[in-house]
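**Student:** Sequence and predicted structure, then a few things I'm wondering about:
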Amino acid sequence: MANGIDPSVSMAALFGARVRRLRTAAGLTQAELGDRTHVVSTRITQIERASGAKPTLDLARALDTVLGADDLLVELWPYVYREAFPDWSRKFMEYSARAVAIRQYAAHVVPGLLQTEDYARAVLSLDALLDGEEQLEERVTARMGRQERLNSPDRPELWVILDEAVLRRPIGGDAVMRKQLARLLDAAAARHITVQVLPFDQGGHEAMGGSLTVLTLPDGSEVAYTEGADYGQLIEAPADVSRYKVIYDRLRAAALPPIMSLDMIRSTLEGNYRGANLPSRSERRRLAQEQLQQSSGRRLRGGGRRVPGRRPGP
């Protein structure tokens with residue numbers, strides 16, 4: 001037990017124990033390590049004792065470099081970072097990282113997995129409890145890092161339903177929205193990503209006021225997650241998850257089919273956010289063709305195809 005701190009208590013304690021062990025092996029005092037990583041010695045004391053503010057990603061990188069940790073501290077940092085979130089939120093992130101299929105309904109903003117960096121920064125900066133620019137950049141970095149899984153061999157099948165309000169609300173301003181809508185069009189061309197839009201004229205529905213996510217895990221089990229402006233709820237009981245799956249199926253049936261959804265996104269881009277680098281007509285035809293090929297051969301339900309029950313191939 002390093003310095004009286006049990007590393008099994010938390011990820012922050014484990015991180016601190018590793019820093020202390022590496023510092024001792026390097027023959028450095030806390031003051032010397034602080035000097036080399038450009039922080040005061042008391043900051044190193046806080047990290048080793050798992051007290052005070054958690055280390056930033058930049059500091060984790062600096063410590064890793066100075067102590068020759070071969071990325072150990074950088075790899076531990078996301079787990080330390082997640083401890084700042086409530087238990088249910090951390091558990092949802094852990095489930096998401098393993099899910100083979102992700103089905104999302106977004107009422108207000110583009111889901112994190114499809115956000116551009118500028119859009120993510122604009123959304124995250126709206127948090128009233130945000131503790132400065134450094135924390136904002138950490139959150140942006142973490143969100144962008146989670147998107148890497150969409151390009152990995154074990155990428156999940158991603159199905160996103162966007163409320164029309166998501167397209168109309170200019171988060172970050174017109175320039176940011178132009179890039180974000182273009183990102184949606186680009187993402188929807190991938191075989192494992194489907195984007196639908198739920199138009200205003202569909203009226204009210206059971207998921208109004210918040211977002212809904214249904215995750216399919218490798219063993220076939222499923223969990224659901226609902227989130228609003230200041231709350232989140234993880235649903236794991238099979239009977240309750242089934243109820244949310246029905247809600248999601250109804251939303252998917254009410255939403256525009258994928259090709260029409262892309263047309264609405266393009267129309268919004270052209271009509272609301274002029275001056276963008278809009279897709280050419282040939283590019284639009286290419287995207288539409290890919291959507292047709294993507295949809296062919298798969299069973300349709302309401303507005304779109306079913307999410308497969310097993311993991312998609314690489």
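**Tutor:** Structure received. Residues are numbered from 1 along each chain as shown.

**Student:** Name the surrounding residues that touch stretch 205-223.
**Tutor:** By C-beta atoms under 8 Å, 6 or more residues apart in numbering, the residues outside stretch 205-223 that reach it are 92, 95-96, 98-108, 111, 198, 224-229, 234-236, 238, 241, 244-245, 247-248, 250-251, 254, 307, 309, 311. Yep, even glycine has a C-beta here, placed from its N, CA and C like the rest.

**Student:** which ones among these are found in strands?
**Tutor:** Within the contacts of stretch 205-223, membership in strands is found for 101-106, 198, 224-227, 234-235, as judged by DSSP state E.

**Student:** Quick check: of these, which lies closest to Asp64?
**Tutor:** Here the nearest of the ones in strands among the contacts of stretch 205-223 to Asp64, counting by C-beta to C-beta, is Ile102; it sits at 30.9 Å.

**Student:** roughly how far apart are that closest one and Thr216?
**Tutor:** Taking C-beta to C-beta, to the nearest Å as the measure, Ile102 falls 8 Å from Thr216.

**Student:** and if you look at Glu32?
**Tutor:** With C-beta to C-beta as the criterion, Glu32 and Thr216 are 50 Å apart.

**Student:** Neighbour count for the two, which is higher?
**Tutor:** The neighbour count for Glu32 versus Thr216, taken as other C-beta atoms under 10 Å, is higher for Thr216 (23 against 15).

**Student:** Burial check on the closest residue in space to the more buried one that isn't next to it in sequence, number of neighbours?
**Tutor:** Computed as C-beta to C-beta, 6 or more residues apart in numbering, the closest residue to Thr216 that is not its neighbour in sequence is Ala101, at 3.8 Å. For Ala101, the count of nearby residues is 20 (other C-beta under 10 Å).

**Student:** Check what pLDDT Ala101 gets.
**Tutor:** Reported pLDDT at Ala101 in the predicted model: 97.

**Student:** ok, what's across the strand from it?
**Tutor:** According to DSSP bridges, Glu157, Thr216 are recorded as the beta-bridge partners of Ala101.

**Student:** Filter the contacts of stretch 205-223 down to the buried ones, ChimeraX style.
**Tutor:** Here the buried members of the contacts of stretch 205-223 are turned into a ChimeraX selection, burial being counted by 16 or more other C-beta atoms under 10 Å:
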select :92,95,96,99,100,101,102,103,104,105,106,107,108,111,198,224,225,226,227,234,235,241,244,245,247,248,251,254,307
